[in-house]
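[1] build me a model from this:
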Amino acid sequence: MWPENAQTLQVFLALNRCWRIDGMSGHCLGLDRPAIESALRLLQIHRRRHPQILLDLTEMEDAVLEVLEREQKRKGA
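    Now for the predicted structure:
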């Protein structure tokens, strides 16, 4: 991992239980946005890094959602 990605990974891991789930289908919708802001504050990430970390988290989130969607299709859910 590149050093400049360490904080993004730290935030992503801190958000491991902050995924929004659709109540009807059970499908994962993405990370809870207010939780991201809280994690950035609690981890004391400097505000100037917030925009870049949010962009990086969005990319990671998209990748996870892609994998989850493939798995759900594979399982026939």
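[2] list the helices and strands the helix or strand harbouring residue 56 packs on?
    Using DSSP states H and E, residue 56 sits within helix 50-75. Under the contact definition 3 or more CB pairs under 8 Å, 6 or more residues apart in numbering; DSSP states H and E, helix 50-75 sits against helix 6-14, strand 28-31, helix 33-42. Where C-beta positions appear, they are placed from N, C-alpha and C, glycine not excepted.
[3] in the first one, what's buried?
    Put plainly, it is helix 6-14. 7, 8, 11, 12, 14 (16 or more other CB atoms under 10 Å).
[4] wait, which of those is closest to residue 38?
    For the buried residues of helix 6-14, the residue nearest residue 38 by CB to CB is residue 14; the value is 9.3 Å.
[5] show me the contacts for the closest residue to that closest one other than its chain neighbours.
    Nearest residue to residue 14 in three dimensions, chain neighbours excluded: residue 39, at 4.7 Å (CB to CB, 6 or more residues apart in numbering). If you count contacts by CB atoms under 8 Å, 6 or more residues apart in numbering, residue 39 has them with 11, 14, 15, 18.
[6] tell me how far residue 39 lies from residue 6.
    14 Å (CB to CB, to the nearest Å).
[7] CA atoms of stretch 13-21 as CSV?
    Provided in CSV are the C-alpha atoms of stretch 13-21 (Å, rounded to 0.1, in the frame of the first residue of the first chain):
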residue,chain,number,x,y,z
LEU,A,13,-11.8,-0.1,8.0
ALA,A,14,-13.4,2.1,10.7
LEU,A,15,-16.6,2.2,8.7
ASN,A,16,-16.9,-1.6,8.5
ARG,A,17,-20.3,-1.6,10.2
CYS,A,18,-21.6,1.6,8.6
TRP,A,19,-23.1,0.3,5.4
ARG,A,20,-26.6,1.2,4.5
ILE,A,21,-28.8,-1.8,3.6
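[8] which residues does that stretch contact?
    Contacts to stretch 13-21, defined as CB under 8 Å, 6+ apart, come from residues 27, 28, 29, 30, 31, 32, 35, 36, 39, 42, 43, 57.
[9] if we use 6 Å, what do you get?
    Under the contact criterion CB atoms under 6 Å, 6 or more residues apart in numbering, stretch 13-21 has outside partners 28, 29, 30, 31, 32, 35, 39.
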